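J.: generate a structure from the sequence data that follows.
(2 chains)
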Amino acid sequence: MAEKEKMTLILFSGEMDKALAAFNIALGGATSGMDVTIFFTFWGLNVIKRNEGGIKSKGIMRNMLNFMNRGGAKRLPLSKFHMMGMGKSMMLGLMKDINFPQVDELMRTAKELGVKFIACTTTMGMMGIGKDAFITEVDSFAGVATYLSEARQSSVNLFI
Amino acid sequence: MKSDITIDCIGLYCPMPIVNTTKQMKAMQPGQVLEVVADDEGIKQDMPNWARMTGNEFLGIEEAGGKYHVFVRKA
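T.: Numbers count the residues shown, from 1 in each chain, chains lettered A, B, ... in the order given. This is a model prediction of the structure:
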């Protein structure tokens, strides 16, 4: 069989709607027989932070940042009309109406179908968070060279 | 059209019908026909394209009462 086509996505954003779009495309790729890699960086790391417990870091600035920027698939705001969570719960209601899965469910399905998750170590260093801040489904922790080695062989490459 | 297995995707939107199709196909034998019943119109374009990308054979769509019965044969 010919080598599989590849798709790489950079998820830079930490908002629910953008994460939904990213996982939707990732699932499309994975179900079409592509090797899919999602590179989570900057605010996008919030999508793969674990939902439970606190997240520790060093120093006042980083602790403040991590307090305000807690993250976790269930805590992502909307990029528009969030309205302190009111807009988000309405959107979740609309999604439920059409049986559309939430971010964490899409993420589980993506893992089931073999989508690879890579977390950006530069952002982790800057924000002072360790590997323990993330869900166990993260496959590796790496930087731009790893992303590029995947991306240059990909026929689909998106920045979200 | 006759099928070996039918899955119900009524009320589901993209990408779920394709996700469920993929999962079901993994459990099927080559040559078997899967029938996907859906009501999201996107399936009319999505399933032929999915079949082309995955090498499975798209057999056709039967429309009845706002429902789409989509048939694909596993390669």
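
J.: can you map out the strands along chain A?
T.: Counting by DSSP state E, the segments of chain A that form strands are A:6-11, A:35-40, A:116-120, A:140-142, A:156-159.

J.: will you turn these into JSON lines that also has distance to A:M83 and mean neighbour count?
T.: C-beta: built from backbone N, CA, C; applies to glycine. Output for the strands of chain A, formatted as JSON lines (distance: least, CB to CB, whole Å; neighbours: other CB atoms under 10 Å in any protein chain shown):
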{"stretch": "strand A:6-11", "distance to A:M83": "24", "mean neighbour count": "24"}
{"stretch": "strand A:35-40", "distance to A:M83": "26", "mean neighbour count": "25"}
{"stretch": "strand A:116-120", "distance to A:M83": "30", "mean neighbour count": "22"}
{"stretch": "strand A:140-142", "distance to A:M83": "35", "mean neighbour count": "14"}
{"stretch": "strand A:156-159", "distance to A:M83": "27", "mean neighbour count": "14"}
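
J.: and those strands as JSON lines, adding mean pLDDT?
T.: As requested, those are arranged in JSON lines below (pLDDT from 0 to 100):
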{"stretch": "strand A:6-11", "mean pLDDT": "98"}
{"stretch": "strand A:35-40", "mean pLDDT": "98"}
{"stretch": "strand A:116-120", "mean pLDDT": "97"}
{"stretch": "strand A:140-142", "mean pLDDT": "95"}
{"stretch": "strand A:156-159", "mean pLDDT": "98"}
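
J.: any chance of those strands in JSON lines, with distance to A:G93 too?
T.: Conversion of those to JSON lines gives the following (distance: least, CB to CB, whole Å):
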{"stretch": "strand A:6-11", "distance to A:G93": "25"}
{"stretch": "strand A:35-40", "distance to A:G93": "27"}
{"stretch": "strand A:116-120", "distance to A:G93": "28"}
{"stretch": "strand A:140-142", "distance to A:G93": "36"}
{"stretch": "strand A:156-159", "distance to A:G93": "28"}
